[in-house]
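1. Need the 3D shape of this:
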Amino acid sequence: MKNLLRKYVHLLHRGDKGTVAVTFLLSLPILMTVIGILVQYALLANARITLDRAAAAAARSAMTSLPTDPAIDWLPLGTGDANVKRSALMILESLSPVSENITSEATTVAEALTQVGVAVPATYAARYAFAQSATNVELAPLNENGAPYARSRSPRVRITISYDFKLTVPFVSSLIGREATVAGVTGRYFTLTSTLDNVQLSPGRETPTNAAGEP
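-> Prediction:
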């Protein structure tokens with residue numbers, strides 16, 4: 001009787017080994033999904049921080065590039081707005097995949113950085129070109145109370161930047177993103193937005209000067 005009980009207990013222990021293996025295999029997809037979600041949201045958090053940096057760079061550019069009064073606006077039409085967006089794109093390039101279509105502006109920016117001694121990677125222009133297509137910059141004039149302004153220019157602006165971030169974690173991207181093609185790159189994308197209110201411009205630099213640089 002004792003021998004029979006020992007054999008029964010031994011068989012139970014041998015069955016436990018298979019149970020552990022089956023349990024692990026069943027739980028593995030769930031574990032991988034949880035890890036994938038954590039990785040993708042960590043990448044999204046990093047992208048959001050980078051987008052906030054891009055908005056700050058755009059604000060610094062706006063302070064000296066945007067005219068505050070059309071009556072003394074000596075900049076060519078659209079020049080200031082282009083400078084603001086370019087400042088944001090130079091930050092967002094680090095988030096961007098490589099685009100197949102390199103624009104002339106992307107090449108010009110890469111060459112300009114190289115001429116001033118910045119070691120840019122070989123893919124810089126292609127990534128900048130992607131950021132051009134993936135980024136939208138809106139400039140809204142505000143009055144002194146921070147409300148929308150009827151005039152086309154004012155001493156304060158609201159800067160809103162939207163960026164289509166390419167999701168890279170398989171399966172997880174299908175849960176939170178949308179299918180799209182940006183700058184020739186097809187994949188799943190998630191739009192991130194950053195806004196800075198009441199960016200104060202610098203009207204003093206618009207004052208006409210004489211040959212000696214005096215107002």
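2. Identify the single longest strand in this structure, thanks.
-> strand 185-200 (DSSP state E).
3. So which other helices or strands are in contact with that one?
-> Using 3 or more C-beta pairs under 8 Å, 6 or more residues apart in numbering; DSSP states H and E, the elements in contact with strand 185-200 are helix 2-65, strand 156-166, helix 172-176, strand 178-182. In short, each C-beta sits where N, CA and C put it, glycine included.
4. With mean neighbour count, distance to Leu113 and mean pLDDT as new columns, can these be given to me in CSV?
-> Formatted as CSV, these follow (neighbours: other C-beta atoms under 10 Å; distance: least, C-beta to C-beta, whole Å; pLDDT from 0 to 100):
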stretch, mean neighbour count, distance to Leu113, mean pLDDT
helix 2-65, 13, 14, 78
strand 156-166, 22, 21, 93
helix 172-176, 16, 32, 87
strand 178-182, 13, 23, 95
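5. So what touches stretch 103-113?
-> For stretch 103-113, contacts defined as C-beta atoms under 8 Å, 6 or more residues apart in numbering pick out 86, 89-90, 120, 124-126, 128-129, 132.
6. Direction included, what does the longest strand of the chain pair up with?
-> strand 156-166 (antiparallel), strand 178-182 (antiparallel) (DSSP bridges).
7. where does the shortest one sit relative to the chain's centre, distance-wise?
-> Shown here is strand 178-182, whose average C-alpha point lies 15 Å from the average C-alpha point of the whole chain (C-alpha atoms, centre = their mean, to the nearest Å).
8. re earlier: okay if I get the contacts of stretch 103-113 as TSV plus distance to Gly187?
-> Converted to TSV, the contacts of stretch 103-113 look like this (distance: C-beta to C-beta, whole Å):
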residue	distance to Gly187
Arg86	25
Leu89	20
Met90	23
Val120	24
Tyr124	21
Ala125	20
Ala126	15
Tyr128	18
Ala129	16
Gln132	17
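9. re the thing from before, pLDDT of the longest strand of the chain, averaged?
-> Strand 185-200 comes out with an average pLDDT of 92.
10. Name the residues of that strand that come out as buried.
-> 185, 187-190, 192, 194, 196, 199 (16 or more other C-beta atoms under 10 Å).
11. Look up the closest residue to Lys85, ignoring the ones flanking it.
-> Val137 (4.5 Å; C-beta to C-beta, 6 or more residues apart in numbering).
12. does that neighbour have beta-bridge partners, and which?
-> Bridge pairing for Val137 - DSSP bridges - gives Ile161.
13. hang on, it packs against Arg86?
-> No - counting by C-beta atoms under 8 Å, Val137 does not reach Arg86; the two are 9.6 Å apart.
14. Leu89: which element?
-> helix 79-92 (DSSP states H and E).
15. Can you tell me what sits against that helix?
-> 50-51, 53-55, 57-58, 60-62, 65-67, 105, 109, 128, 131-132, 134-135, 137, 139, 159, 161, 163.
16. quick one, what contacts the closest residue to Ala126 other than its chain neighbours?
-> Distances taken as C-beta to C-beta, 6+ apart place Val98 nearest to Ala126, at 4.3 Å, with adjacent residues excluded. With contact set as C-beta under 8 Å, 6+ apart, Val98 has these partners: 123, 126-127, 130, 185.
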